[in-house]
Every structure is written in structure tokens, then in C-alpha cells.
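K.L.:
Sharing a model that was predicted from the sequence below.
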Amino acid sequence: MATLQKNGVRLEERLALHRLWIERAPGGVRADLSGATLTDLQLAGIDLREAILRGTTFIDSNLSGANLSGADLADADLRNGNLMGADLSGADLTGARFQFALLGGAYLAEAQILGTRFDKANLRDCRFFDARLQSASFAGANLRGTHFNHCLIVDCSFAGADFSGAKLVRARLQGCRFTGALADSADFSLVSAPDNDFGGVEFESVKFYQADLSRGNFFRAKLVDCNFSESVLSFADFSSSSLANSRFGGASLTTANLTGAILSGARELTGQQLGSARTAADTTLPNGVRGSYVKGSGSERPLRSAFSE
């Protein structure tokens, strides 16, 4: 078992005292490993729930299946670590670094994720239920199948991340950046996400049912076969984007910018919806015709062949 560099105390002794503290047994002492260096260690299944781990270094360590619930991991360094299946629920991850870490299946419900770095991390099938995320970075992260349901997500970067199969139902997103992100069959239903940046995303079969995406930036986004039913798209910028074969039943498109957008095969659009949006000569309308929408032209109805494309 490792020896802590700062005072020569063996880690196993600290863990034994911490176990007693968790059990509220006599002689128990809460583990405080702040600033300790615990790199490249086999710590699978370790129980450090509610431990104080501020600034602790776990680079390259194996913490798979570890119990870190309620732990104070502020400014901890877990880069390249293995935290697959770890419990980080309720943990304070302020300023922590998880770049390139493996967190598949980890549980982060109600965690405090402020200024935390998850760049290039594998977070597949993680659960962030009710977590608070602010100024965090998930650039290039694998978020396939990850759950962000009911999370508050403020000023975070998801640039280049893969959201395929992810769920963000009823999440609240403020000032987030998804530029260049990928997604197939993700679920953004009922999200409150005005003023977010989805520029250049490549989303296919993504569900935005009853989502508030007002004033969002979707410039040059690929949004093929997506479901925008009953969503709020007012003042959103879809210029030069592809919305081919997407559904818009009951969506609000007031002053949405559709100049240069491709709407070929788009379904459930009405003349009133298109008339309230901004179209131009370079807009491709649902029936495949290019040009501004003209009331009574019928160009809001897709050609039957478009559905098979």
C-alpha cells in the first residue's frame, strides 16, 4: 500500500481510520489526503466517501468502482485515471481535472462541477442527474449514452463532443457551446436552452420535442431527420444549415433565420410557420424548390419522394 509523501503515513492506515469514521465508530478519523500524490496506483473499489481530497493527485491511477460520493475533490488531478463505474454523487469537483480519464458508467448525480475539465474523457453511459455544471469543459469527450436529465448547465463547452444516444431531458442550458458536436438519436426533449451555440453540429435523428431553442445559433449545422415538434425556434439562426426530413409540427419559427437553409423533405410545416420565418432566394423549401416562401405556393409540403431519401 502506498505511503503518503507529505508525512510518511501509510494509506492503508488512513483508510482504516476513515472506515471507522464512516461507521461512526470510536477512534474514527475522516480521511484528509489533501495535496497527496497517489499516482499510478491500483485503488479499485476504494472507499473514500466524504473524504477530503483537495488537490490530491491521482494521475494514471485505477479508481474503478471507487466510492467517492460526497468527497471534496476540488482541484484534484485525475488525468488519465480509470474511474469506470465510480460513485461521484454529491462530490465537489470544482476545478478538478479529468482529461483523458475513463469514466464509463460513473455516477455523478448532484455533483458540483464548476470549472471542471473533462476534455477527451470517456464518459460513456455516465449519469449526471440533477448535477450543477458551470464553466466546465467536455471538449472532444465521449458522451455516448450519458444522462444529463434535469441538470443545470451554464457556460460549458461541449465542442466536438459525441452525444449519440445521450439524454438531456428537462436540462437547463445557458450560454453553452456545442460547436462541431456529433449526435445520433440523442434526446434534448423539454430542454430550456435559449441563446446556446450549436454552430456546425452534426446531429441526426435528435429529438428536440418541446425544447426552447430560441435565439440559438445553428449556423451551418447538420440537423437531418430531427424532431422539432412543438419547440420554440424563435429568432434562432439556421442559416446555411441542413434541416432535411426534420419534423416541425407546432413549432414556433417566428423570425427564425432560414436563409440558405436546406428544408428538403421537412415535415409538418405550415404556410403560417414558414411565413413567419426569414427565407431567401438560397433557401431550399420542403418541396425541393429554391427561393423565398410565397404564401399559397404549397412549397411547405414535401415531395413524397423526399421521405425515402
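P.N.:
Sure, I can see it. Being a predicted model, the structure only gives us computed values, none of them experimental.
K.L.:
Distance of residue 207 relative to residue 123?
P.N.:
Between residue 207 and residue 123 the computed distance is 20 Å (CB to CB, to the nearest Å). Any C-beta I mention is one placed from the backbone N, CA and C, and that applies to glycine too.
K.L.:
Show me which of these two is the more surrounded one.
P.N.:
Taking neighbours as other CB atoms under 10 Å, residue 207 and residue 123 compare with residue 123 leading, 27 against 22.
K.L.:
got a pLDDT number for the spatially closest residue to the more buried one that is not a sequence neighbour?
P.N.:
Nearest residue to residue 123, sequence neighbours excluded (CB to CB, 6 or more residues apart in numbering): residue 103, at 4.9 Å. We have a pLDDT of 98 for residue 103.
K.L.:
tell me, how many neighbours does residue 103 end up with?
P.N.:
28.
K.L.:
Repeat that for residue 26.
P.N.:
Residues near residue 26, counting by other CB under 10 Å: 6.
K.L.:
Does it touch residue 17 like I think?
P.N.:
No - in this structure residue 26 lies outside contact range of residue 17 using CB atoms under 8 Å: 11.1 Å.
K.L.:
So what's the gap between the lowest-mean-pLDDT helix or strand in the chain and the chain middle?
P.N.:
The helix or strand of the chain with the lowest confidence, counting by mean pLDDT, DSSP states H and E, is helix 11-22 at a mean of 94. Centre-to-centre, helix 11-22 and its host chain are 35 Å apart (CA atoms, centre = their mean, to the nearest Å).
K.L.:
After that helix, which helix or strand is next?
P.N.:
Scanning forward in sequence from helix 11-22 by DSSP states H and E, the next helix or strand is strand 112-114.
K.L.:
partner strands of the following helix or strand past that next one, parallel or antiparallel?
P.N.:
With elements assigned by DSSP H and E, the helix or strand that comes after strand 112-114 is strand 132-134. Strand 132-134 pairs in its sheet with strand 112-114 (parallel), strand 152-154 (parallel), by DSSP bridges.
K.L.:
Give me the contacts around strand 132-134.
P.N.:
111, 112, 113, 114, 115, 116, 151, 152, 153, 154, 155, 156 (CB atoms under 8 Å, 6 or more residues apart in numbering).
K.L.:
mind redoing it with 6 Å?
P.N.:
With contact meaning CB atoms under 6 Å, 6 or more residues apart in numbering, strand 132-134 is reached by 112, 113, 114, 152, 153, 154, 156.
K.L.:
Just the local confidence number for residue 307, please.
P.N.:
Predicted confidence (pLDDT) for residue 307: 46.
K.L.:
go on, residue 146?
P.N.:
At residue 146, pLDDT is 98.
K.L.:
Can you tell me how far it is from residue 160?
P.N.:
15 Å.
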